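1. just coords:
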């Protein structure tokens with residue numbers, strides 16, 4: 001067996017360049033490239049390898065370490081986890097900047113490979129610049145915190161260890177049940193050390209994602225459970241989209257007349273106007289879905305992790321004998337709410353369950369127009385919110401209506417945090433799969449612009465729109481510059497409502513008068529941030545970086561700006577002035593955030609009592 005003498009960094013790139021994934025007989029090159037920011041700790045190791053011997057791997061220059069990982073995460077999400085970018089950084093601050101984004105990927109079950117630089121394995125320079133010096137444990141470095149947010153973590157302190165570490169990394173990255181952030185900490189000296197690697201390590205490797213069928217005994221238990229029900233409800237999660245099971249979900253629902261509610265990750269799994277799509281469920285849910293959830297006697301979760309927003313803090317499902325059937329590849333998710341677990345691919349699970357229920361000649365007990373009537377009522381409510389007129393300016397729900405009705409139905413919208421996810425979940429009318437890209441597993445502020453860039457990289461033939469509040473935009477917008485550098489256009493729809501209005505609303509709903517969440521000048525008399533709103537020109541800011549930019553203060557201006565932006569060939573920002581607090585409210589749902597039991601303010605005490613009342617309706621843990 002022959003060998004090839006390479007540095008560890010060179011060997012890592014050559015290995016990654018030979019990894020492929022096969023789904024339903026279709027092979028895809030798994031690692032598209034590497035996004036990086038160079039510093040000491042990676043510039044002379046993996047940096048030299050990327051410069052001199054990248055193979056077919058594409059290098060992109062990030063502008064913020066967190067931002068570039070968000071870009072990689074969004075890219076993998078939009079690609080249904082079939083292709084990824086790796087991310088490389090220096091040691092210390094550069095590495096630590098990736099942790100928030102690593103957690104975002106892991107919580108959302110999205111594969112991303114992180115390659116942070118690390119301290120010298122030899123410890124010859126001691127301490128090296130940006131090294132943590134932990135006096136109680138000298139082996140700890142800035143890469144150790146990644147253990148908490150990674151599905152696999154390893155530190156390669158000898159070049160030959162790469163072979164085992166890389167194999168294990170690929171095992172996790174390509175496992176739909178266990179995927180998430182994978183971190184390989186790379187000491188800066190070891191990156192540059194050479195080793196005689198066996199040629200076989202660089203052979204073309206195909207990772208087969210064989211669809212997992214359900215076990216017959218689990219299928220029988222679930223079938224028996226559903227067959228007894230009269231008012232079942234399907235809850236479509238992100239697993240439906242990753243499994244490309246939209247057609248099977250619709251067929252299953254139609255065969256038995258079961259309404260379908262959508263999680264944030266599952267939205268767009270079936271079109272909004274499908275007669276059995278009752279819309280969003282939970283805290284940010286529709287009136288139709290939440291009413292059906294309250295009466296459901298069996299809930300069939302497909303590829304969902306049943307977060308507290310989906311379950312309305314366990315209060316959404318109030319039927320005294322409600323049971324759960326969970327189709328999921330992830331054992332932890334399948335076990336939630338005490339459900340009957342079907343450990344299977346979403347498409348395979350739905351097909352098998354449909355066949356079993358057909359053999360039992362199952363049909364639901366819904367009235368002839370029960371679901372349709374609820375849908376019609378909700379459609380009317382969305383129409384009302386889309387056409388609201390506000391005396392002080394443009395309402396947020398009206399702005400969303402204009403956008404939804406103006407952009408192409410195949411366009412991709414990207415969002416993550418603030419009041420927009422709630423309004424989009426309830427109100428957005430998604431017509432095609434993969435057009436609704438919401439990061440709500442972690443709801444990470446700052447994902448939006450970076451994520452939209454990642455989605456644009458993944459979907460070059462679609463228009464991509466970042467839906468972002470002014471608060472999130474201020475936190476992280478650096479990959480706008482990278483999109484200009486890469487000549488990959490997307491459009492930023494910046495909703496300017498003068499602050500963190502989502503949390504401002506949450507505050508006031510629980511007894512506060514509003515504190516610390518609006519972008520106001522400090523008042524000289526009270527000493528608080530209660531002066532006039534700060535004036536920020538986001539249009540000028542975007543233009544200063546080379547983007548095109550427009551401002552819209554009316555529905556007519558917004559419609560025209562959207563049409564103009566579509567004709568631009570570089571990333572474009574539209575600043576949309578919206579009236580604070582004009583987002584949609586809750587629809588017969590509740591979210592447990594914890595309210596003080598003791599306060600000097602009577603409104604807070606009343607809010608605490610209301611919390612206790614709602615908590616009494618929640619399902620026991």
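-> All right, it came through fine. Values in this document were obtained by computation on a predicted structure and should not be read as measured data. Residues are numbered from 1 along each chain as shown.

2. And the lowest mean pLDDT element among the helices and strands of this protein?
-> Least confident helix or strand, the chain: helix 501-509 with a mean of 86, by mean pLDDT, DSSP states H and E.

3. Now the very next helix or strand once past that helix: buried residues?
-> Moving toward the C-terminus from helix 501-509, the next helix or strand (DSSP states H and E) is helix 538-544. Under the neighbour-count criterion of 16 or more other C-beta atoms under 10 Å, helix 538-544 has 538-539, 541-542 buried. Where you see a C-beta, it was placed from the backbone N, CA and C, and this is true even at glycine.

4. What is the nearest of those residues to residue 21?
-> Nearest to residue 21 among those is residue 542, at 36.8 Å by C-beta to C-beta.

5. Wait, that closest one touches residue 483, no?
-> No - assessed by C-beta atoms under 8 Å, residue 542 is found out of contact with residue 483, at 11.5 Å.

6. the longest helix in this protein is where?
-> helix 370-386 (DSSP state H).

7. still on that earlier bit, max pairwise distance over the buried residues of helix 538-544: which two?
-> Using C-beta to C-beta, the buried residues of helix 538-544 span at most 7.2 Å, a distance reached by 539 and 541.

8. which neighbours do these two share?
-> Shared contacts of residue 539 and residue 541 (C-beta atoms under 8 Å, 6 or more residues apart in numbering): none.

9. can you redo the buried residues of helix 538-544 as TSV with pLDDT?
-> Converted to TSV, the buried residues of helix 538-544 look like this (pLDDT from 0 to 100):
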residue	pLDDT
538	97
539	98
541	97
542	98
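
10. dump the residue contacts of the residue lying closest to residue 204 once chain neighbours are set aside.
-> If the residues on either side of it in the chain are set aside, residue 204 comes closest to residue 18, at 5.0 Å by C-beta to C-beta, 6 or more residues apart in numbering. Residues near residue 18 by C-beta under 8 Å, 6+ apart: 202-205.

11. Just these: which are in strands?
-> With DSSP state E as the criterion, strands contain residue 205 from among the contacts of residue 18.

12. Any chance of a PyMOL selection covering the buried ones in the contacts of residue 18?
-> Listed next is the PyMOL selection for buried residues among those, using 16+ other C-beta under 10 Å:
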select buried, resi 202
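
13. From the contacts of residue 18, pick the one nearest residue 169.
-> Checking the contacts of residue 18 one by one against residue 169 (C-beta to C-beta), the nearest turns out to be residue 205, at 12.2 Å.

14. so what's the closest one bridging to?
-> residue 19 (DSSP bridges).

15. what about the most centrally placed residue in the chain, distance to residue 69?
-> Of all residues in the chain, the one closest to the mean position by C-alpha atoms, centre = their mean is residue 439, 2.3 Å from it. Distance from residue 439 to residue 69, counting by C-beta to C-beta, to the nearest Å: 12 Å.

16. ok, the residue nearest to residue 587 when sequence neighbours are not counted - contacts?
-> Nearest residue to residue 587, sequence neighbours excluded (C-beta to C-beta, 6+ apart): residue 287, at 4.3 Å. Counting by C-beta under 8 Å, 6+ apart, residue 287 makes contact with 374, 377-378, 381, 587-588.

17. So which of the residues you listed wins on neighbours?
-> Most neighbours among those, by other C-beta atoms under 10 Å: residue 378, with 23 neighbours.

18. circling back to that earlier point, any common contacting residues for residue 439 and residue 69?
-> residue 104.

19. ok so, going back, buried residues, the longest helix of the chain. List them.
-> By 16+ other C-beta under 10 Å, the buried positions in helix 370-386 come out as 370-372, 374-375, 378-379, 381-382, 385-386.

20. Equivalent analysis for stretch 302-318, please.
-> Going by neighbour count (16+ other C-beta under 10 Å), the buried part of stretch 302-318 is 302-317.

21. farthest pair in those?
-> 303 and 315 (22.4 Å).

22. Could I get the phi/psi values of the residue nearest to residue 204?
-> phi -110, psi 10 (degrees, to the nearest 10).

23. same check, this time on the one 10 residues further on
-> In this entry, residue 28 is assigned phi and psi values of phi -130, psi 140 (degrees, to the nearest 10).

24. ok, it to residue 209 distance?
-> For residue 28, the distance to residue 209 equals 10 Å [C-beta to C-beta].

25. any common contacting residues for the two?
-> 21-22.

26. residue ranges with poor pLDDT in the protein?
-> Within the chain, the stretches with pLDDT under 70 are 621.

27. Could you chop the chain up by domain?
-> Annotated domains of the chain cover 3-208, 216-374, 387-498+534-577 [automatic domain parsing].

28. how far does the second one sit from the chain's center?
-> Once both centres are worked out by C-alpha atoms, centre = their mean, to the nearest Å, domain 216-374 turns out to sit 21 Å from its chain's centre.

29. now stretch 4-24
-> Centre-to-centre, stretch 4-24 and its host chain are 28 Å apart (C-alpha atoms, centre = their mean).

30. now stretch 179-196
-> With C-alpha atoms, centre = their mean as the basis, the mean position of stretch 179-196 lies at 27 Å from the chain mean.

31. One more: stretch 150-169?
-> Taking mean C-alpha positions (C-alpha atoms, centre = their mean), stretch 150-169 and its chain are 27 Å apart.

32. Verify the stated contact: residue 130 with residue 89.
-> No - assessed by C-beta under 8 Å, residue 130 is found out of contact with residue 89, at 11.0 Å.

33. neighbour-wise, which of those two wins?
-> Taking other C-beta under 10 Å, residue 130 and residue 89 do not tie; residue 89 has more neighbours (30 against 19).

34. Look up how far residue 470 lies from the closest residue to residue 274 other than its chain neighbours.
-> Leaving aside its sequence neighbours, residue 274 sits nearest to residue 250 (C-beta to C-beta, 6+ apart; 6.4 Å). Applying C-beta to C-beta, the value for residue 250 to residue 470 is 38 Å.
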